[in-house]
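K.L.:
make a model of this:
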Amino acid sequence: MVVVLASSSDAGGGIGSWDLHTGTEQIRYKSLSSPGHGLVSVGDRFLASSQLRDAATSSGSVFFWSWSKPQVEVKSFPAEPITPLAANHSGTYLVGGGLSGEIYLWEVETGKLLKKWHGHNTAVTCLVFSEDDSLLISGFKNGSVRVWSLLMIFDDVRRREASQIYEYSFSDHTLCVNDVVIGSGGCNAIIVSASDDRTCKVWSLSNGMLQRNIVFPSKIKAIALDPAEHVFYTGSEDGKIFIVALNTTKIATNNHVSYIVDSFSNHSKAVTCLAYSASDNFLISGSEDGIVRVWNASTHNIIRVFKHAKGPITNIIVVRPENDSSNHMSSNLQAASKKKGAQFPPLEKYANSIDGHSDTKTIVSLGDSDRCMDASYLSSHVISSYSKELQNQGSAAASEMEIEKLKSDYQKSVQMVNQWKKMYENLHQFCVKELVDENKK
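P.N.:
Residues are numbered from 1 along each chain as shown. Model prediction:
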């Protein structure tokens, strides 16, 4: 069952959920007021949302729900109000962005605050993990977009030696970044950012360069990326949804050029959030009018409409909440979800350590072993560190099994990198041949 969840700034609206195929409303989760990008599915097993109780008093919290119960099961109160949340694909880690610009990373099962670092001197507005969970992309109120390698974040030696801990810092936006999405392809993916400056910008992770700058007639509040990455959709302040081409050259229209290929609209107010259901080819949009609309992405026809609340829709996510063996959440957390729902400790307010470097032995799992990963992400010194920690925490037999698995993952990563190098060489030879043939003509 595919479920659409939407939150609202209306305190009485809570978080609504609907069956995407039948349109039937499921459970309405009780909450206060979820800010934009503050609603996330944790491993498709739990639901988490940041809650801004009173902006004037700078108070906030993070609530957790199990899928089957409308009441909040776990309440956490971080050191400062958290606005955006992001969970890695397995649901083992939760990241939150603070109004101060700090970024927090918790382990869900234990509630431990594993890391906290300074993202920027302004509020964090959005967070998203890369496809392989090795990178975290953050947007900020001042218009900046930064890319963080989680292995750098957890490697205190490299952090002390580096001049900066982020991989890239993009600062071409002049106003608040409202949304960020990342494509597939690991370190070769694209990043698309949207801003109040009426632009969307496309960045390349392979070289850190700006690839495209698309100007719109109004502020852009949300982005959804077509899984095939031929186009992306943007939700604007004037209620329109624009379609932007990614794999074509500029299109001439009305004596000027643009990457915008089409637009459609049925919202009476600003489009605040967008989500894409790849299995159905549906685009889901939320608006300040309190209504969620489901569109056929090919025909732009409305499939169904969900009336949620009086206040603006702040978040939309599409999930498939089911217990299956392919989910790589830890066995302890899976057992807890089956027996007691979301019964795990609240998120720590402060790191439970004497100094900022005492948690260097934390084991970090970045994505599952089947995902494409750069070889440097599983280097020998990282494997050695993992091995020592595993030997301290478990039996010798269990440690040996895990060590063998890590070594296997490392070999797979090396093989994948070699395949990418060979593909690059073939592509380079092809391009050279094309240029030579063109010059002969």
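K.L.:
assign the residue lying closest to Tyr276 once chain neighbours are set aside to helix, strand or coil.
P.N.:
Residue nearest to Tyr276 in three dimensions, not counting chain neighbours: Ala224, with 4.5 Å by C-beta to C-beta, 6 or more residues apart in numbering. C-beta: built from backbone N, CA, C; applies to glycine. Here Ala224 is recorded as strand under DSSP: H, G, I helix; E, B strand; the rest coil.
K.L.:
report the contact partners of Ala224.
P.N.:
Contact analysis of Ala224 by C-beta atoms under 8 Å, 6 or more residues apart in numbering lists 181, 232-233, 274-276, 283.
K.L.:
let me see the contact set for Val215.
P.N.:
198-199, 258.
K.L.:
quick check: Asp262 touching Ile243?
P.N.:
Yes - counting by C-beta atoms under 8 Å, Ile243 is a contact partner of Asp262 at 4.5 Å.
K.L.:
these two - which one has more neighbours?
P.N.:
Using other C-beta atoms under 10 Å as the criterion, Asp262 and Ile243 rank with Ile243 on top: 19 against 12.
K.L.:
and the closest residue to Val74 other than its chain neighbours, how many neighbours?
P.N.:
Leaving aside its sequence neighbours, Val74 sits nearest to Phe64 (C-beta to C-beta, 6+ apart; 3.9 Å). Burial measure for Phe64: 22 neighbouring residues, criterion other C-beta under 10 Å.
K.L.:
was I right about Phe64 contacting Ala87?
P.N.:
No - using C-beta under 8 Å, Phe64 is not in contact with Ala87; the gap is 11.1 Å.
K.L.:
where does the prediction get shaky in the stretch 201-350 of the chain?
P.N.:
Scanning the stretch 201-350 of the chain for pLDDT under 70 picks out 248-257, 322-343.
K.L.:
what about the helices in the stretch 51-200 of the chain?
P.N.:
Using DSSP state H, counting those that start in this stretch, the helices of the stretch 51-200 of the chain run over 150-154, 156-161.
K.L.:
Ala48 in helix, strand or coil?
P.N.:
strand.
K.L.:
and it, how far from Ile27?
P.N.:
15 Å (C-beta to C-beta, to the nearest Å).
K.L.:
the two: who's more crowded?
P.N.:
Ala48 (24 against 18).
K.L.:
pLDDT at that one, what is it?
P.N.:
Listed pLDDT for Ala48 reads 95.
K.L.:
identify the bridge partners of it.
P.N.:
Val40, Phe64 (DSSP bridges).
K.L.:
I'd say it and Val42 touch.
P.N.:
Yes - counting by C-beta under 8 Å, Ala48 touches Val42, with 5.2 Å between them.
K.L.:
quickly list what's touching both of the two.
P.N.:
Contacts common to Ala48 and Val42, judged by C-beta under 8 Å, 6+ apart, are 64, 87, 94.
K.L.:
what is the neighbour count of the second one?
P.N.:
This points to Ala87. By other C-beta under 10 Å, the burial measure for Ala87, its neighbour count, is 22.
K.L.:
hang on, isn't it packed against Arg45?
P.N.:
No - if you go by C-beta under 8 Å, Ala87 and Arg45 don't touch, sitting 10.2 Å apart.
K.L.:
domains in this structure, by residue range?
P.N.:
Split into domains by automatic domain parsing, the chain comes to 3-319, 374-441.
K.L.:
with distance to Pro346 added, can I get those in JSON lines?
P.N.:
JSON lines is the format used below for those (distance: least, C-beta to C-beta, whole Å):
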{"stretch": "domain 3-319", "distance to Pro346": "4"}
{"stretch": "domain 374-441", "distance to Pro346": "23"}
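K.L.:
closest to Lys349 out of those domains?
P.N.:
domain 3-319 (5.0 Å; C-beta to C-beta).
K.L.:
okay, how far is it across that closest one, tip to tip?
P.N.:
By C-alpha to C-alpha, to the nearest Å, the extent of domain 3-319 from end to end equals 5 Å.
K.L.:
chain center to that domain: distance?
P.N.:
6 Å (C-alpha atoms, centre = their mean, to the nearest Å).
K.L.:
from now on call the first residue 123
P.N.:
From this message on, residue numbering opens at 123, which makes the last subject domain 125-441.
K.L.:
beta partners for Trp417?
P.N.:
So, taking DSSP bridges as the rule, Trp417 has Leu405, Ile424 as bridge partners.
K.L.:
for it, what are its contacts?
P.N.:
Contacts of Trp417 by C-beta under 8 Å, 6+ apart are 363, 386, 404-407, 423-425.
K.L.:
how close does it get to Phe354?
P.N.:
Separation of Trp417 from Phe354 (C-beta to C-beta): 14 Å.
K.L.:
what do you get for Ala400?
P.N.:
Here Ala400 is placed at a distance of 13 Å from Phe354 (C-beta to C-beta).
K.L.:
alpha carbons only: can I get stretch 195-208 in PDB?
P.N.:
What follows is stretch 195-208 as a C-alpha-only set of coordinates in PDB (Å, rounded to 0.1, in the frame of the first residue of the first chain):
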ATOM      1  CA  GLU A 195       4.800   7.600  21.200                       C
ATOM      2  CA  VAL A 196       8.100   9.300  21.700                       C
ATOM      3  CA  LYS A 197       8.800  13.000  22.400                       C
ATOM      4  CA  SER A 198      12.200  14.600  22.200                       C
ATOM      5  CA  PHE A 199      13.300  18.100  23.100                       C
ATOM      6  CA  PRO A 200      16.600  19.000  21.400                       C
ATOM      7  CA  ALA A 201      18.900  21.800  22.500                       C
ATOM      8  CA  GLU A 202      17.200  24.200  20.100                       C
ATOM      9  CA  PRO A 203      14.200  24.300  17.700                       C
ATOM     10  CA  ILE A 204      14.700  21.900  14.800                       C
ATOM     11  CA  THR A 205      13.100  22.700  11.400                       C
ATOM     12  CA  PRO A 206      14.200  20.300   8.700                       C
ATOM     13  CA  LEU A 207      14.700  16.600   9.300                       C
ATOM     14  CA  ALA A 208      16.200  13.800   7.200                       C
END
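K.L.:
list the buried ones in it?
P.N.:
Under the neighbour-count criterion of 16 or more other C-beta atoms under 10 Å, stretch 195-208 has 195-196, 198, 200-208 buried.
K.L.:
which two among those residues are spaced furthest apart?
P.N.:
Glu195 and Glu202, at 22.9 Å, using C-beta to C-beta across the buried residues of stretch 195-208.
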